[in-house]
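Chemist: below is the sequence, then the predicted model.
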Amino acid sequence: MPRPTAFITGIAGFAGSYLVEELLACGYRVYGGLYPSESTENLESVINRVTLVKLDILDAGNCRAAISTFKPHFVFHLAALASVGQSFEKERLTFRVNFEGTLNVLQAARQVQNLKLMIFVSSPDCYGIFRPKNKTLTEDQPLNPITPYGISKAAAEQASLFYFRQHNLPVTVARSFNHSGPRQNENFVIPAFSKQIAAIEAGLQKPVLSVGDLSVRRDLSDVRDITRGYRLLAEKGKPGRVYHLCSGKAVSIQRVLDSLLRLSSKKIRVKVDKSRLRKSDIPFLRGDNRRAVQELGYKPRYSLQATLKDTLDYWREKILEEPMA
């Protein structure tokens, strides 16, 4: 039986690099698209085991050529502008990359013979504001996005499902709730806290940690669980279907911060930074993962404590390698 082959857009990104490791460990041959001038730092441990090509998903011709060349059985579309906060500053670019870029990947996937499944990675930000605000969300919850990022992902989801209905493209949607771990950049909450704690421990920052709204509650998972979910989706997911990849629990950002502070021996003062507060923050997000559990065999393996410790240890090493200005 031939080895399964996979093409990953956004292969050198945070989740992309973990997906590479997951697929290689399970016997896949892996190809991926690298944005011109993008760093391959996240792929250091596996770079000799993957084939990389330059890929700008806003270039339709480049997309078609890059993906169809390898005739993959599976296409994992992870490339995106993924920061909710930055999507307000880069509104037009967010819409272009996340929607138009997805459209180009969908059209490229149509040219692949023997494609078994394309996995489009979406986000619960598509849900936006809902009532009651503490409900557990199922995949059938109506979409009501309120951020440029959420709007762009909701539109890309609709395009993906349109390609399934109209063109019989085998595509499935993964709504991945918040996930973290080593290698995630500081535009996200857990690495933002971790980087500051590591800098304080190294004497590179005063013992004051800047935070945003600590009252929001999020469904948090480890990136290694989520990327395992992507593989399970490829192997068992149904085309035209949406799946939640999440923990099924909501945790306050205050609790996350408290847990990280307990991992440090330094006495650190916490200060709210108004620039980190967002008008459009969704106060509560918790997903129902039963569909993924029942149909895919999805089961989270990493505890939140393990994710936090691993992320903080990663930043402790990184801070020493690259001192802050």
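Modeler: Here it is on my side, so go on.
Chemist: any low-confidence regions in this structure?
Modeler: Within the chain, the ranges that satisfy pLDDT under 70 run 1, 278-280, 323-325.
Chemist: what's the spacing between the residue in it sticking out farthest from the centre and Glu41?
Modeler: Going by C-alpha atoms, centre = their mean, the residue of the chain most distant from its centre is Lys267, 32.1 Å out. Distance of Lys267 to Glu41, given as C-beta to C-beta, to the nearest Å: 33 Å. All C-beta spots, glycine's among them, are computed from the backbone N, C-alpha and C.
Chemist: what do you get for Val121?
Modeler: 21 Å.
Chemist: returning to what we had before: give me the phi and psi angles of the residue farthest from the centre of the chain.
Modeler: For Lys267, the backbone dihedrals (degrees, to the nearest 10) come out as phi -90, psi 120.
Chemist: OK, contacts around it?
Modeler: Each residue near Lys267 by C-beta atoms under 8 Å, 6 or more residues apart in numbering is listed here: Pro207.
Chemist: quick one on the thing from earlier: settle it for me: which of Val121 and Glu41 has more neighbours?
Modeler: Higher neighbour count among Val121 and Glu41: Val121, with 27 against 10, using other C-beta atoms under 10 Å.
Chemist: I'd say that one and Ala174 touch.
Modeler: Yes - using C-beta atoms under 8 Å, Val121 is in contact with Ala174, at 5.2 Å.
Chemist: what's the burial count for Val211?
Modeler: Val211, neighbours per other C-beta under 10 Å, totals 18.
Chemist: hang on, I meant Thr9
Modeler: 27.
Chemist: just Gly181 next, same as before
Modeler: 24.
Chemist: so what sits against both of Val121 and Ala174?
Modeler: Common neighbours of Val121 and Ala174, counting by C-beta under 8 Å, 6+ apart, are Tyr230.
Chemist: how close does Arg241 sit to Ser160?
Modeler: 11 Å.
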